[in-house]
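A.B. asks: the sequence and its predicted three-dimensional model are supplied below.
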Amino acid sequence: MLRKICPVCGRETDVLIEGVCPDCYRLTHKIIEVPSEVNILMCYGCGAYFINGRWSRGIGSLEKLISSKIRIKGIADNISIRVFRDEAKIKVKGKASELMPNSYEEEYTVKLMFKRDLCPSCRAELMEKEEAIIQVRLIGGDLGEFKAKVMDIVRMTLAKGEDRGRVIKVEDVNGGFDIKVTNQRLARSIALNVHRELPSFMQETSKVVGYRGDKRIEKRSISIHLIGLSKGEVVNISGIDYLIKSLHKDHVDLVKLNDGSLVSIKYGKLTQVKLSQVKDYSVSCSSGKVIININGLQYTLNNVNLICPQ
């Protein structure tokens, strides 16, 4: 094979790329083109980045921004980006031309120029701009236990970062607690996640609190009644004693103790009646029957699928 001479370095080569050998071509042609610096608007409240017209949290969104600034000039087999405090390291494997015999690696450094401001959510939090309230109330059960479960769901919803907004405050009230939120969409996401995870009844309302020009400003209230009742528990509803037979997604099945009849009540209906948990009672099983004693008053039930104490 006739070998060629590179006019730049004088070495023999099997191939010339645009008149020079692969090594000389590599000196003046990069696999990718990156800017020396990237300007980034960052919220100094929550650390979110303003990217493509919206605020996003996490290093992953920052890496996507840097990736969008890269222009591929040759053949890139793999590109990796690592973000440090004020710079990004970019490593690429490939070659500047398809005529080059072998792939190789190149590294680049991009300086990150941060400008800091407040995102709308943090600005609203700073001003305590409340757009929605989630009113959590408990029917039966231990409030502390259910509050811990709800707040875990709140934290998981916020961690996903799918909805803009912040939780301003969590306030204890009689029978439950209120969660005040800066964004209606976030409030609804939290409420729906709670409703999906825990037996509950949810209802939404909104009211006009003002106008901005021709646009109405509404405040949304989302009421969630958590059902803290348990199978086998005795409750009093509007003066009548019931045994809880089973709990379902949207209703509870009860046995009316005075006549043994089966009653199904929607959770929404439970929010409209006077319900109290019976504290002093005993449950026992005998010959396939369930015997319940409440303050000396005895009820006997047949064919009730209930796990009785041994």
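C.D. replies: Received it, and whenever you're ready, just let me know what you need. For clarity, every value in this text was computed on a predicted model and none was experimentally measured.
A.B. asks: what's the closest non-adjacent residue to residue 191?
C.D. replies: residue 222 (4.4 Å; CB to CB, 6 or more residues apart in numbering). To be clear about C-beta, it is placed using only N, CA and C from the backbone, and glycine gets the same treatment.
A.B. asks: gap between that neighbour and residue 162?
C.D. replies: Look at residue 222 and residue 162: by CB to CB, to the nearest Å, they are 17 Å apart.
A.B. asks: quick one: which of those two has more around it?
C.D. replies: Taking neighbours as other CB atoms under 10 Å, residue 222 and residue 162 compare with residue 222 leading, 24 against 10.
A.B. asks: which helix or which strand is home to the residue nearest to residue 191?
C.D. replies: Residue 222 is part of strand 215-227, with elements assigned from DSSP states H and E.
A.B. asks: correct me, but residue 96 touches residue 26?
C.D. replies: Yes. The criterion here is CB atoms under 8 Å, and residue 96 meets it with residue 26 at 5.7 Å.
A.B. asks: is residue 75 bridged to anything, and to what?
C.D. replies: The residues listed as beta-bridge partners of residue 75 by DSSP bridges are residue 95.
A.B. asks: and it, what is it in contact with?
C.D. replies: Taking CB atoms under 8 Å, 6 or more residues apart in numbering, we find residue 75 in contact with 31, 94-98, 103.
A.B. asks: please apply the same query to residue 202.
C.D. replies: Contact analysis of residue 202 by CB under 8 Å, 6+ apart lists 191-192, 194-195, 222-225.
A.B. asks: mind picking the two most distant members of these?
C.D. replies: Greatest spacing in these, by CB to CB: 192 and 225 (14.7 Å).
A.B. asks: that older thread, report the rounded mean pLDDT for the strand holding residue 222.
C.D. replies: In this model, strand 215-227 has a mean pLDDT of 82.
A.B. asks: what residues does the helix or strand following it touch?
C.D. replies: Beyond strand 215-227 on the C-terminal side, the first helix or strand identified by DSSP H and E is strand 234-237. Outside of strand 234-237, the residues within contact range by CB under 8 Å, 6+ apart are 140, 229, 241-244, 254, 257, 265, 273-278, 281, 283, 292, 294.
A.B. asks: again, 6 Å this time
C.D. replies: The list of residues contacting strand 234-237 from outside it, by CB atoms under 6 Å, 6 or more residues apart in numbering, reads 242-243, 273, 275-278, 281.
A.B. asks: again with stretch 144-154
C.D. replies: Taking CB under 6 Å, 6+ apart as the rule, stretch 144-154 contacts 136, 138, 190, 193-194, 197, 226, 228.
A.B. asks: stretch 152-167: how far from the chain's middle?
C.D. replies: 5 Å (CA atoms, centre = their mean, to the nearest Å).
A.B. asks: how long is that stretch from one end to the other?
C.D. replies: Distance across stretch 152-167, first residue to last, is 13 Å (CA to CA, to the nearest Å).
A.B. asks: can you tell me, leaving aside adjacent residues, what's nearest to residue 58?
C.D. replies: Closest residue to residue 58 apart from its sequence neighbours, by CB to CB, 6+ apart: residue 161 at 6.7 Å.
A.B. asks: ok, the one you found to residue 189 distance?
C.D. replies: Using CB to CB, residue 161 is found at 11 Å from residue 189.
A.B. asks: same check on residue 106?
C.D. replies: 43 Å.
A.B. asks: then residue 138?
C.D. replies: According to CB to CB, residue 138 and residue 189 sit 21 Å apart.
A.B. asks: next, the buried residues of stretch 226-246.
C.D. replies: Residues of stretch 226-246 classed as buried: 226-229, 232-235, 237, 241-245 (neighbour count, 16 or more other CB atoms under 10 Å).
A.B. asks: make a markdown table from those and add distance to residue 166 to it.
C.D. replies: Formatted as a markdown table, the buried residues of stretch 226-246 follow (distance: CB to CB, whole Å):
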| residue | distance to residue 166 |
| --- | --- |
| 226 | 23 |
| 227 | 29 |
| 228 | 28 |
| 229 | 33 |
| 232 | 41 |
| 233 | 38 |
| 234 | 42 |
| 235 | 38 |
| 237 | 39 |
| 241 | 45 |
| 242 | 42 |
| 243 | 44 |
| 244 | 38 |
| 245 | 42 |
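A.B. asks: and the least confident of those?
C.D. replies: residue 232 (83).
A.B. asks: tell me which residue is most central in this protein.
C.D. replies: Central residue of the chain (CA atoms, centre = their mean): residue 157, 2.5 Å from the mean position.
A.B. asks: does that residue belong to a helix, a strand or coil?
C.D. replies: Recorded secondary structure, residue 157: helix (DSSP: H, G, I helix; E, B strand; the rest coil).
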